[in-house]
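> Let's see this in three dimensions:
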Amino acid sequence: MKPVFRDAETMGDVSFAPVEVLGEFVSYDRSTPEDALDRVADCDVLIINKIKVDEALIDAAPSLKLICEAATGINNIDVGYAASKGIPVRNAVGYSTDSVVQATFMHILSLVGHAPYYDAVVKDGRYSVSGMFTDVSVTWCELVGKTIGIIGMGNIGQGVAKVAQAFGMKVCYYSTSGTSHCKDYPSLPLEQLLAESDIVSIHAPLNDKTNGLIGEKELSMMKSSAFIVNMGRGGIVEEEALVKAVDEGVIAGAALDVYCVEPLPADSCFLKAKHPERFRLAPHVAWASEEARERLLGMVADNIAKGW
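The predicted structure is shown next:
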């Protein structure tokens, strides 16, 4: 068996041992469309993380018996064409739940607590020359008693809800599928959730129902003191509208781990924001704790070991 990982650099420094023991494992840090066809010519198992797998690539791998997505989403794979060739597609589910939940609160706490400001005011010397033992010029707020509105109550959304309750927050959610399965928290219409929430936290997939779900109109429904956090997919929030809303004080701030185009273009509206201090921006890394990447490779190995 020859498993080939086309974009292994996305796994960072975790060990590939679970996959290496399964056969003649070959990995490439990155693959371009130009070199991809040659690299899959004799592989049995193709492992990818977000790289596009289309008809041309599948046809270039006559020995291909299995496609393994080193992620949950498989919208980068032409699943229908793979099926027509008798090639199964397997993904990994649930490996990043704890990682994304923790990253969500990393951003929430930074937003409500103004962590970058307090860190800077000490390190740049302003605190030393202030003549005061404290700095209350920038106020921060507690989470207890605040309302978090979760958009997408899957495994990650439910994990966020449990941590929010531990902070003493009230929890409500909006079902993007239109069907409420979670009975532990109130399910609200989107408009009501936006109006009542102090923090809106997005954990939904990108599909026809969620694409452009949050735009200028929806942002205007939120409290001026509210924050929005997007850990789902970039296309769920209209980026230009979000930057405008934060810059103009329609809402207090935003945190994002995902974007419409990744990596973020150099001319992105986020990099032109008038008030960058109101944003927390991360390079799509919420999924990628060390432990999550180790779990992910273990799941990929299990998917290969099942055979085809």
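
> how far away is the most centrally placed residue in the chain from residue 102?
Nearest to the centroid of the C-alpha atoms of the chain, with distances taken as Cα atoms, centre = their mean, sits residue 231, at 4.1 Å. Distance of residue 231 to residue 102, given as Cβ to Cβ, to the nearest Å: 11 Å. Where C-beta positions appear, they are placed from N, C-alpha and C, glycine not excepted.

> Residue 248 now?
Distance from residue 248 to residue 102, counting by Cβ to Cβ: 31 Å.

> Looking at those two now, which is surrounded by more residues?
Comparing residue 248 with residue 102 by other Cβ atoms under 10 Å, the one with more neighbours is residue 102, at 15 against 12.

> Next one: the residue nearest to that one when sequence neighbours are not counted from residue 26, what distance?
Take residue 102 and drop its neighbours on the chain: the residue closest to it by Cβ to Cβ, 6 or more residues apart in numbering is residue 289, 7.1 Å away. Relative to residue 26, residue 289 is positioned 26 Å away (Cβ to Cβ).

> Same check on residue 61?
If you go by Cβ to Cβ, the gap between residue 61 and residue 26 works out to 13 Å.

> Give me the common contacts of these two.
residue 43 (Cβ atoms under 8 Å, 6 or more residues apart in numbering).

> low-scoring stretches of the stretch 101-250 of the chain, by residue?
Along the stretch 101-250 of the chain, segments meeting pLDDT under 70 span 180.

> again, 90 this time
Scanning the stretch 101-250 of the chain for pLDDT under 90 picks out 177-182.

> Over to residue 170: give its phi and psi.
Dihedral angles of residue 170 (phi, psi; degrees, to the nearest 10) stand at phi -90, psi 140.

> ok, it - how many residues close by?
Residue 170: 17 surrounding residues under other Cβ under 10 Å.

> show me the contacts for it.
Listed by Cβ under 8 Å, 6+ apart, the contact partners of residue 170 are 145-148.

> Any of those buried? List them.
146-148 (16 or more other Cβ atoms under 10 Å).

> and which of those is nearest residue 194?
residue 147 (10.9 Å; Cβ to Cβ).

> so when I look at residue 111, I'm seeing a helix, right?
Yes. Remark: residue 111 belongs to a helix, assigned using DSSP: H, G, I helix; E, B strand; the rest coil.

> Backbone dihedrals for residue 46, both of them.
In terms of degrees, to the nearest 10, the main-chain angles of residue 46 are phi -110, psi 120.

> And it, how close does it get to residue 39?
For residue 46, the distance to residue 39 equals 9 Å [Cβ to Cβ].

> that older thread, which one of residue 61 and residue 26 has more residues nearby?
Taking other Cβ under 10 Å, residue 61 and residue 26 do not tie; residue 61 has more neighbours (23 against 17).

> Tell me which residues touch the more buried one, please.
Contact analysis of residue 61 by Cβ under 8 Å, 6+ apart lists 40-43, 46.

> Residue 224 too?
Residue 224 touches 249-252, counting by Cβ under 8 Å, 6+ apart.

> where's it, which helix or strand?
Using DSSP states H and E, residue 224 sits within no helix or strand.

> need the strands for this structure, in chain order.
For the chain, the strands defined by DSSP state E occupy 3-5, 26-27, 45-48, 66-69, 89-90, 147-151, 170-174, 199-202, 227-230, 253-256, 279-281.
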